[in-house]
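> sequence and computational prediction follow.
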Amino acid sequence: MNDFGIFLVSFLWYAALIVLPGGAFSVVLHFLLSLPMRRRDRALFFLDLVETVVRRGQPLEPAILSAADNRDRSIGVRFYMVAAHIEGGARLGEALAKVPTFLPPQVNAMIRAGEKLGDLRKVLPACREVLRVAPDTVRTTMHYMVAILLLFAPIAIFLISLLSMFVMPKFKDVFAGMGVALWPLTQFVFALNDRFILVGFEALLFLVLLAVAAIYIGGPGLVRWFQFRSIPVVDWLTWRIPWKQKKLLCAFSAMLAVLLDGGVPEAEAVRLAGESTANEICRRRARRVIAALETGAKLEEAVRKFDDTGEFHWRLTNAAHAHGGFLDALRGWHESLDAKAFQQEETATHALTSGLVILNGVVVGLIAIGMFGMLVLMLKHMVDAV
């Protein structure tokens with residue numbers, strides 16, 4: 001075989017073993033990482049459709065059926081599931097309740113609340129507040145973390161397992177026959193290896209990253225599988241995460257402002273705003289606000305039951321005396337809440353990824369120091385023997 005034939009065969013092997021699997025992996029990775037953004041784009045498309053139809057004064061259900069007749073795949077199969085329920089005679093709110101994963105839970109609840117009010121235009125601004133996209137840096141960091149999950153962690157587990165099963169036992173046998181005392185650090189690495197701590201640590205790290213990646217890619221639909229009606233664990237954890245709490249507070253405040261501007265009674269506005277957060281903790285706090293209103297407290301004072309910091313009380317008090325409505329008066333605060341939430345989320349993601357890289361570096365460093373320490377001792381023993 002000439003040189004060209006050897007080159008051609010080598011190229012074909014390279015393409016078969018590296019290029020094609022790598023390309024397939026990249027396609028799958030892009031598909032998974034783009035799922036959250038595609039869900040958001042489909043929700044925005046639906047809001048645009050609803051706003052256009054309502055603005056023209058046309059019936060909403062026939063317009064959704066007409067849009068479904070176009071057979072556009074980009075709007076997702078769940079849109080056609082909603083259209084199918086509407087075609088079967090369900091109202092929009094009922095159809096959305098039967099397909100809860102089509103829209104984010106908060107947007108779903110807001111639209112259903114707007115349908116009860118009889119005017120969806122009032123709730124659309126609050127829906128768009130919920131769908132604000134995170135900064136590029138946050139998404140980039142999340143994608144970077146998923147890449148570490150899919151590439152580095154499994155390889156690290158395989159290599160450490162390989163060293164633990166085949167390499168380190170051989171070195172231990174050699175040094176046992178030589179009668180050479182190992183370094184304390186090398187003995188420490190061997191002790192960790194004998195107890196499978198190094199492999200276990202990497203496996204635990206992999207599982208944690210896998211859970212984070214699954215939550216990011218799966219979205220609210222996946223998280224809701226772990227929600228229990230009697231014990232709202234997911235909602236409690238969501239409220240305890242600082243940036244999630246700010247987003248929930250922003251959603252509650254925006255919906256409350258929209259309803260108050262629409263002339264809805266205060267107690268009913270608070271109840272609907274609490275329902276619109278799709279969070280049981282927020283619903284309970286909303287019921288506390290309603291209880292305070294029933295005792296004769298003003299709304300500005302009653303909202304202290306919802307926000308422990310007291311900032312909501314101060315903002316709503318100022319908004320009550322402002323011109324142009326509650327939503328316009330609170331818009332600056334909503335933007336501030338979004339900015340703080342994005343900043344906290346970005347800080348947390350960077351700290352998490354940096355910490356994981358450092359921890360992996362410590363594990364690799366321990367193994368490297370232990371192995372090279374044995375080699376140094378072996379060379380030293382050979383030199384002394386000569």
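Everything's here; your move. Numbers count the residues shown, from 1 in each chain.
> pretty sure Trp236 contacts Asn279?
No: the pair Trp236 / Asn279 is not scored as a contact, 9.2 Å apart, by CB atoms under 8 Å. In this view, the C-beta of every residue, glycine as well, is placed from N, C-alpha and C.
> can you pick out the residue with more neighbours from the two?
Asn279 (26 against 12; other CB atoms under 10 Å).
> next up, phi/psi of the more buried one, please.
Note on Asn279: backbone dihedrals following degrees, to the nearest 10 are phi -140, psi 130.
> break the chain into its domains for me.
35-103, 136-226+352-385 (automatic domain parsing).
> in this protein, which helix is the longest?
helix 326-385 (DSSP state H).
> which other helices and strands contact that helix?
If contacts are counted by 3 or more CB pairs under 8 Å, 6 or more residues apart in numbering; DSSP states H and E, helix 326-385 sits against helix 124-130, helix 136-162, helix 168-178, helix 184-194, helix 197-223, helix 242-261, helix 311-320.
> ok, which of those comes nearest Thr52?
Ranking the helices and strands packed on helix 326-385 by proximity to Thr52 (CB to CB) places helix 124-130 first, at 10.7 Å.
> what sits up against that closest one?
44, 47, 50-51, 54, 104, 106-107, 110-111, 114, 247, 250-251, 254-255, 257-258, 276, 327, 334, 338 (CB atoms under 8 Å, 6 or more residues apart in numbering).
> mind checking which of those are buried?
Using 16 or more other CB atoms under 10 Å as the burial test, the contacts of helix 124-130 include 47, 50-51, 54, 104, 106-107, 110-111, 114, 247, 250-251, 254-255, 257-258, 276, 327, 334, 338 as buried.
> low-scoring stretches of the protein, by residue?
1-23, 25-26, 28-30, 33, 132-150, 179-180, 219-230, 381, 384-386 (pLDDT under 70).
> dump the helices and strands packed on helix 326-385 to a markdown table, plus distance to Ala286.
Below are these laid out as a markdown table (distance: least, CB to CB, whole Å):
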| stretch | distance to Ala286 |
| --- | --- |
| helix 124-130 | 15 |
| helix 136-162 | 29 |
| helix 168-178 | 59 |
| helix 184-194 | 51 |
| helix 197-223 | 20 |
| helix 242-261 | 7 |
| helix 311-320 | 12 |
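> which one of those helices lies closest to Arg287?
Among the helices and strands packed on helix 326-385, helix 242-261 sits nearest to Arg287 (CB to CB), with 12.8 Å.
> following the closest one, which helix or strand comes up?
Counting by DSSP states H and E, the next helix or strand C-terminal to helix 242-261 is helix 266-276.
> now that next one - C-alpha only, PDB.
Below are the C-alpha coordinates for helix 266-276, written out as PDB (Å, rounded to 0.1, in the frame of the first residue of the first chain):
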ATOM      1  CA  GLU A 266     -57.500  43.900  47.400                       C
ATOM      2  CA  ALA A 267     -58.200  40.500  49.000                       C
ATOM      3  CA  GLU A 268     -59.000  38.900  45.700                       C
ATOM      4  CA  ALA A 269     -55.900  40.500  44.100                       C
ATOM      5  CA  VAL A 270     -53.700  39.100  46.800                       C
ATOM      6  CA  ARG A 271     -55.200  35.700  46.500                       C
ATOM      7  CA  LEU A 272     -54.800  35.600  42.700                       C
ATOM      8  CA  ALA A 273     -51.300  37.000  42.900                       C
ATOM      9  CA  GLY A 274     -50.300  34.200  45.400                       C
ATOM     10  CA  GLU A 275     -51.800  31.600  43.000                       C
ATOM     11  CA  SER A 276     -49.900  33.100  40.100                       C
END
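> need the residues that contact that helix.
Residues contacting helix 266-276 (CB under 8 Å, 6+ apart): 106, 109-110, 113, 116-117, 123, 126, 251-253, 255-256, 259-260, 264, 282-283, 285-287, 289-290, 293-294, 299, 302.
> selection in PyMOL covering whichever of the residues you listed are buried, please.
Applying 16+ other CB under 10 Å to the contacts of helix 266-276 leaves a buried subset, and the PyMOL line that selects it is:
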select buried, resi 106+109+110+113+117+123+126+251+252+253+255+256+259+260+264+282+283+285+286+289+290+293+299+302
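> can you list contacts of stretch 170-187?
With CB under 8 Å, 6+ apart, stretch 170-187 has contacts from Phe190, Leu366, Ile369, Gly370, Met371, Gly373, Met374, Leu377, Met378, His381.
> what values do phi and psi take at Ala278?
According to degrees, to the nearest 10, Ala278 has phi 50, psi 40.
> which residues does it contact?
Pro105, Gln106, Asn108, Ala109 are the contacts of Ala278 under CB under 8 Å, 6+ apart.
> and with 6 Å instead?
With contacts defined as CB atoms under 6 Å, 6 or more residues apart in numbering, Ala278 is in contact with Pro105, Gln106, Ala109.
> need these in a markdown table (columns: distance to Lys172 and secondary structure).
Shown next, in a markdown table, are those (distance: CB to CB, whole Å; DSSP: H, G, I helix; E, B strand; the rest coil):
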| residue | distance to Lys172 | secondary structure |
| --- | --- | --- |
| Pro105 | 55 | helix |
| Gln106 | 58 | helix |
| Ala109 | 61 | helix |
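> distance to Leu210 added to the residues you listed, as CSV?
Formatted as CSV, these follow (distance: CB to CB, whole Å):
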residue, distance to Leu210
Pro105, 23
Gln106, 26
Ala109, 30
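> which one of those is nearest to Arg38?
Nearest to Arg38 among those, with distances taken as CB to CB, is Pro105, at 17.4 Å.
> please consider this matter closed, and thank you.
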